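**Student:** Here you go, sequence then predicted model.
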Amino acid sequence: MERINTADTFFRWEGDVLVVNILGKPAAGKDAIGKPKGAQLKVSVTAAPKGGKATDHMVRFLAPLFGVATRDIEVVFGQENVNKQLRIKAPKKLPAVFTTPSA
């Protein structure tokens with residue numbers, strides 16, 4: 001798996017763990033990975049932002065996209081905030097936004 005990374009990006013590798021900074025958008029029309037916005041990746045989810053439910057939904061949405069189980073995604077901070085950081089243990093695949101340099 002090719003690993004592209006720059007200092008000013010929304011993700012970094014710590015060994016086999018992918019650390020991702022996310023700008024969440026709860027109560028969206030559909031679940032989707034958006035474009036990087038500065039040092040964060042926009043991720044929209046349909047779940048409402050109540051008691052961390054949108055973040056839980058985001059983890060369930062992202063897990064198959066990275067080829068991991070939900071238990072392999074740790075919410076470092078931002079469980080009840082739009083700004084969050086996730087640690088994804090040994091992802092088996094990467095969505096396209098991680099492998100194409102942003103313009």
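**Tutor:** Arrived safely.
**Student:** Which residue is the nearest non-sequential neighbour of Arg12?
**Tutor:** Leaving aside its sequence neighbours, Arg12 sits nearest to Val19 (Cβ to Cβ, 6 or more residues apart in numbering; 5.2 Å). Just so you know, the C-beta spots here come from the backbone N, C-alpha and C atoms, and that holds for glycine as well.
**Student:** three-state assignment of that neighbour?
**Tutor:** Recorded secondary structure, Val19: strand (DSSP: H, G, I helix; E, B strand; the rest coil).
**Student:** Let me see the contact set for it.
**Tutor:** The contact partners of Val19, by Cβ atoms under 8 Å, 6 or more residues apart in numbering, come to Phe11, Arg12, Trp13, Val76, Gln85, Leu86, Arg87, Ile88.
**Student:** Pick the one among these closest to Ala32.
**Tutor:** Checking those against Ala32 with Cβ to Cβ, the nearest one is Leu86 at 16.1 Å.
**Student:** Count the neighbours of the closest one for me.
**Tutor:** Residues within reach of Leu86, counting by other Cβ atoms under 10 Å, total 23.
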